[in-house]
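**Student:** all I have is the shape, not the residue letters:
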């Protein structure tokens, strides 16, 4: 409807212009353009009908050709031959892959851990395996050339020709530099833990009296060789991992000291003078309720004569009174 209205408007426009123009030739031109609109309007449905007929004929042609191929004996034999050829190629490829990858094989993996690498390689070769050394580590107490671990693990099921990756033990121990460690004067227990984490063994060789420290490192030895002392601290010391270090440790016990004259001094002063001796205080009943550290010593046993000495840990008996 919209198209028809548009055509009607254009026809009316041409009529109006033709009436206004007096020239006969121009008027005939506009009449021809008017008639062309009528021809286009009529020919458009005719063209659509021709297009539909062409499409129908094309479909019928292709259907006839396809039907002819499907009923042609030669074509069907060729098509069957192609399918058979493709099937044979696929079967051959799958068979080759199955043989090449040993599909379906299940061989139990032997345990080579702890065995020498030379014997293990021979045994693996007989079973059509291949051993590859992936790494080597030093383990204290174990000789070199032994298999420490393996991948795949023992007991796993694998295929023929599988590669076995192993870690072996080293023949020579790793060298560890200890020159940068502060050893002299350090606490033995803490130093022992630090050295054992590095792979060393530690032992106490001897105790030596030192009134200033307790359980401190005074000397470090290794195979009867002095490494560290108060006056010895080499710039560079490299020891094999797993070596045993012997220590001389300080102790406040075992020493001795001359007995001081404590008479007239307080208990607190006596304790300061003899830090490594014990005081046995008598006459406590007379000083009940009083600070014993401030009491005065009136006698002692043994007496101070300038010659008598007591071992550390010994006892001096003292009698005290209120000041």
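**Tutor:** Here it is on my side, so go on. Note that the structure is a prediction, hence the values are computed from the model and not measured.
**Student:** excluding chain neighbours, what is closest to the most centrally placed residue in the chain?
**Tutor:** The C-alpha lying nearest the average C-alpha coordinate of the chain belongs to residue 135 (Cα atoms, centre = their mean; 17.2 Å). Leaving aside its sequence neighbours, residue 135 sits nearest to residue 167 (Cβ to Cβ, 6 or more residues apart in numbering; 4.6 Å). Backbone N, C-alpha and C define where each C-beta goes, glycine included.
**Student:** got the phi and psi for residue 265?
**Tutor:** phi -100, psi 160 (degrees, to the nearest 10).
**Student:** wait, isn't it in contact with residue 296?
**Tutor:** Yes: contact status for residue 265 versus residue 296: in contact at 7.4 Å, counting by Cβ atoms under 8 Å.
**Student:** what mean pLDDT does stretch 267-276 have?
**Tutor:** Across stretch 267-276, the average pLDDT comes to 84.
**Student:** got it, and stretch 141-151?
**Tutor:** 87.
**Student:** if we can go back for a sec, how much space between the residue nearest to the centre of the chain and residue 91?
**Tutor:** With distances taken as Cβ to Cβ, to the nearest Å, residue 135 is found 44 Å from residue 91.
**Student:** what does the residue nearest to the centre of the chain show for phi and psi?
**Tutor:** The phi/psi pair for residue 135 (degrees, to the nearest 10) is phi -160, psi 170.
**Student:** re the thing from before, pretty sure the residue nearest to residue 135 is in a strand, no?
**Tutor:** Yes: looking at residue 167 with DSSP: H, G, I helix; E, B strand; the rest coil, it is inside a strand.
**Student:** now do it: how many residues are near it, please.
**Tutor:** Neighbour count for residue 167, taken as other Cβ atoms under 10 Å: 16.
**Student:** same thing with residue 78?
**Tutor:** Neighbour number of residue 78 under other Cβ under 10 Å is 10.
**Student:** swap in residue 207?
**Tutor:** 15.
**Student:** kindly report the same for residue 212.
**Tutor:** 8.
**Student:** and residue 311, how far from residue 142?
**Tutor:** 47 Å.
**Student:** that'll do, ta.
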